[in-house]
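Colleague: give me coordinates for this.
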Amino acid sequence: MDDTAWHAFLTSRGGQLQGGRVQAFAGLPEEVEALGSAGLVPLFGSTPLRLTGADRLEFLHGQVSNEVKRLGVGDARAALMLNVRGHALALMRLYRREDDLFVAVEGGAGERVEAQLGAHIIFDQVELHNLTGTLQSLTLQGEAAGEVLQRALHAELPEADRFVQVPFEGAKVLVSRVARSAPGGFDLHVLTQDARALVEALEGAGAKLVGERALAAARVAAGIAEAALEGGEGVLPQEAGLEYAVSYRKGCYLGQEIMARIEARGNVRRRLVGLRLESVPPEGARELLAEGKVVGRLGTVAEHPQLGTVALASVRHEVGAGAPLLVGGVSATVAPLPFETAAQYTSR
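Modeller: Predicted coordinates:
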């Protein structure tokens, strides 16, 4: 099975493709409900990269915001690619295996990350491989995600910051804990030729296919940021809920001086909040206004079956909960995170 056959399989299961991604398989309420139990989402925005060579750990350690050299075999970490101003440009998941480093770049930022890494390989004994087309990524989210995985793959579940490689169809599935919704779940990376069989096995164990539209709604409700949307040029990790992907103990990487300065001073100007919107703002509208002054930046906007139109945003600290804002002429109100429907999971 190649990428075309993979797309065709998902379309045959009711997948609605838009912009190269499956946005939905069913109605939004049904899919959001599935993500509370065991919703399986193809992650077409994820780019799989592989680093090999004797210098791979040292090289990547100097390129990203989190520890790499100290990773043991089987360890997993989230890390960011920053610019010289410390802005969060891309989020990635790092997995150290015996003979390589597997890197899953999120949010469609794979081309940018690959180009920057490639430009910095000079005398290093490192080879960079793009596995797009060879591998597929999915996420299984919900309270029953672990039970479904165990029934389908007959394997032990990984602990936090660890991953396992489970034998499947003569190859292996890489499984790690990644929270993309309030109840959390697992990311899965599998050979394209085995992706259909994996979906069928998980469905047989109780999972339901879900599109990215519902995943965005669940992620926003839980207050989980994505660098491609909540971060980007002009936004620091600490302003976008991405600080967990930064290590303050390491040095010598792009943006490190800014991170050290923030640690020393202990504050930034903005924070991640939720927004309730009257409607979806016009495409490209990002500036959040309070009494005509720019006070923040809009991130992910999602339609939620219980919450209505909601969003994540980075706003100045003085803008409190309940404050009225405008974005692209659309009224918005600041709301605490997580939103109410997600709090039932985070309070457990």
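Colleague: so where's the chain uncertain?
Modeller: With pLDDT under 70 as the threshold, the chain has low-confidence stretches at 341-348.
Colleague: so where's the longest helix in it?
Modeller: helix 192-204 (DSSP state H).
Colleague: packing partners for that helix?
Modeller: helix 3-12, strand 39-42, strand 135-141, helix 145-153, strand 163-168, strand 171-177 (3 or more CB pairs under 8 Å, 6 or more residues apart in numbering; DSSP states H and E). All C-beta atoms are positioned from the backbone trio N, CA, C, and that covers glycine.
Colleague: now with 6 Å, please.
Modeller: helix 3-12 (3 or more CB pairs under 6 Å, 6 or more residues apart in numbering; DSSP states H and E).
Colleague: sheet partners, orientation included, of the helix or strand just after the helix it packs on?
Modeller: The helix or strand immediately downstream of helix 3-12 is strand 16-18, counting by DSSP states H and E. If you go by DSSP bridges, strand 16-18 pairs up with strand 21-24 (antiparallel).
Colleague: next one: stretch 97-114 to chain centre, how far?
Modeller: Chain-centre distance of stretch 97-114: 12 Å, with CA atoms, centre = their mean, to the nearest Å.
Colleague: go on, stretch 195-215?
Modeller: 18 Å.
Colleague: repeat that for stretch 47-66.
Modeller: 19 Å.
Colleague: quick one: contacts of it?
Modeller: With CB atoms under 6 Å, 6 or more residues apart in numbering as the test, stretch 47-66 has contacts from 68-69, 77, 79-82, 100-105, 110, 124-131, 135, 245-247, 252-253.
Colleague: change it to 7 Å
Modeller: 68-69, 77-82, 99-105, 110, 114, 117, 120-121, 124-132, 135, 137, 189, 245-247, 252-253, 255, 259 (CB atoms under 7 Å, 6 or more residues apart in numbering).
Colleague: in strands only, show me these.
Modeller: 77-82, 101-105, 127-130, 135, 137, 189 (DSSP state E).
Colleague: give me the buried entries from the contacts of stretch 47-66.
Modeller: Buried members of the contacts of stretch 47-66, counted by 16 or more other CB atoms under 10 Å: 68, 77-82, 101-105, 110, 114, 117, 121, 124, 126, 128, 131-132, 135, 137, 189, 245-247, 253, 255, 259.
Colleague: can you pull the contacts of Pro237?
Modeller: 80, 88, 231, 243, 245-246 are the contacts of Pro237 under CB under 7 Å, 6+ apart.
Colleague: closest to Thr300 among the residues you listed?
Modeller: Gly231 (11.0 Å; CB to CB).
Colleague: for the closest residue to the closest one other than its chain neighbours, list the residues it contacts.
Modeller: Distances taken as CB to CB, 6 or more residues apart in numbering put Ala88 closest to Gly231, at 3.3 Å, once the chain neighbours are dropped. Applying CB under 7 Å, 6+ apart to Ala88 gives the contacts 80, 82, 227, 231, 235-237, 240, 242.
Colleague: check Glu67 too.
Modeller: 77, 247, 250.
Colleague: make JSON lines out of those residues and add distance to Ser12.
Modeller: Rendered in JSON lines, the data for those read as follows (distance: CB to CB, whole Å):
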{"residue": "Arg77", "distance to Ser12": "36"}
{"residue": "Ser247", "distance to Ser12": "44"}
{"residue": "Lys250", "distance to Ser12": "47"}
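Colleague: closest to Ala195 among those residues?
Modeller: Nearest to Ala195 among these, with distances taken as CB to CB, is Arg77, at 24.9 Å.
Colleague: ok, what's across the strand from the closest one?
Modeller: Leu94.
Colleague: also Ala90?
Modeller: Residues in beta-bridge contact with Ala90 (DSSP bridges): Met81.
Colleague: same check on Leu289?
Modeller: Val294, Leu326.
Colleague: give me every residue that touches it.
Modeller: 295, 325-326.
Colleague: what's the distance between it and His317?
Modeller: Separation of Leu289 from His317 (CB to CB, to the nearest Å): 17 Å.
Colleague: which other residues reach stretch 198-218?
Modeller: Here stretch 198-218 has contacts from 13, 15-16, 21-25, 28, 31-32, 34-35, 38-41, 140-141, 144, 148, 151-152, 168, 173, 180-181, 188, 190, 300, 302-304, using CB under 7 Å, 6+ apart.
Colleague: dump it to CSV, keeping only the CA atoms.
Modeller: Listed next in CSV are the C-alpha coordinates belonging to stretch 198-218 (Å, rounded to 0.1, in the frame of the first residue of the first chain):
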residue,chain,number,x,y,z
LEU,A,198,-3.6,-1.7,12.0
VAL,A,199,-6.8,0.4,11.6
GLU,A,200,-8.8,-2.8,11.2
ALA,A,201,-7.3,-4.4,14.3
LEU,A,202,-8.0,-1.3,16.4
GLU,A,203,-11.5,-1.0,15.1
GLY,A,204,-12.0,-4.6,16.0
ALA,A,205,-10.9,-3.8,19.5
GLY,A,206,-13.4,-0.9,19.8
ALA,A,207,-11.8,2.2,18.2
LYS,A,208,-13.7,4.5,15.8
LEU,A,209,-12.2,6.4,13.0
VAL,A,210,-12.3,10.2,13.6
GLY,A,211,-11.2,13.2,11.5
GLU,A,212,-9.0,16.1,12.3
ARG,A,213,-11.9,18.5,12.7
ALA,A,214,-13.1,16.7,15.8
LEU,A,215,-9.6,16.3,17.1
ALA,A,216,-9.1,20.1,16.9
ALA,A,217,-12.3,20.6,18.8
ALA,A,218,-11.2,18.2,21.5
